[in-house]
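In: Give me the fold of what follows.
(one chain, ligands or ions: 1)
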Amino acid sequence: MSMQSWTRFLAVLALLMLLASCGSGDGGEAEKKTQTPAERAVALDDGPRAVETLKFDGTLADQGEILFEDKSCSDCHTLGEADIAPDLAGVLDRRTQQWLKMQITNPEWMNQNDTITMGLIEEFDLEMVTVEVSDAEAEAILQYLLREDRDTKENSK
Ligand code: HEC
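Out: From the prediction side, this is the model:
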């Protein structure tokens, strides 16, 4: 091989290696995009339970209590016993914060993709309906659940 073609060969090789390393650098992002909805659903429940990640905020809890009525959550859910829908007492010990947020703001997506939710649908023979709940409202509702949770644990001491 002539000197010139060697140089070109090495240049192409360097370029290929650069491209390859870029590709693997983006791997995390690309992987996220190629995750199936079911895989994304599983990832939602990965990590510490909500009770460990929520930082208590009394003002938000008050708002959450009102929202729990206003958004008709209380039509189906109670705290302390399972009615036509799962008992929400202790739910913060069962799930992660991000899973709960998704369940509250986008139950339709969970109904279709999340195996925990699908199991609950089978158990209760009912699907949670989508109510318009913003992320901030969902956080307030979780704070309300956290306060009730703390009160119960306090009283049973
Ligand atoms: C029409 C009745 C109904 C309404 C209204 C409703 N839910 Fe549900 N919810 C269900 C049912 C049934 C399930 C279990 C099956 C499913 O997820 O579809 C559920 C599941 C849940 C779960 C998961 C429970 C667990 O054990 O993991 C949470 C949290 C929840 N709902 C919170 C709420 C909140 C907050 C609201 C108000 C914004 C609300 N739900 C409104 C019926 C309802």
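In: and this structure, which of its residues are near the ligand?
Out: 71-73, 75-77, 85-86, 88, 91, 94-95, 100, 103-104, 107, 111, 117, 120-121, 124, 126-129, 131, 133, 141 (Cβ under 6 Å from any ligand atom). For every residue, glycine as well, the C-beta is placed using N, CA and C.
In: And for residue 144, the neighbour number?
Out: 22 (other Cβ atoms under 10 Å).
In: List the contacts of the residue lying closest to it once chain neighbours are set aside.
Out: Counting by Cβ to Cβ, 6 or more residues apart in numbering, residue 144 lies nearest to residue 64, which is 3.0 Å off, once chain neighbours are set aside. Residues near residue 64 by Cβ atoms under 8 Å, 6 or more residues apart in numbering: 137, 139-145, 147.
In: and residue 96, how many neighbours does it have?
Out: The burial count for residue 96: 20, using other Cβ under 10 Å.
In: Tell me if I'm right that it and residue 44 touch.
Out: Yes. Counting by Cβ atoms under 8 Å, residue 96 does reach residue 44; the two are 6.7 Å apart.
In: By mean pLDDT, point me to the weakest helix or strand of this protein.
Out: helix 27-34 (a mean of 58; mean pLDDT, DSSP states H and E).
In: Quick check: what element follows that one along the chain?
Out: Sequence-wise, the next helix or strand downstream of helix 27-34 (DSSP states H and E) is helix 37-44.
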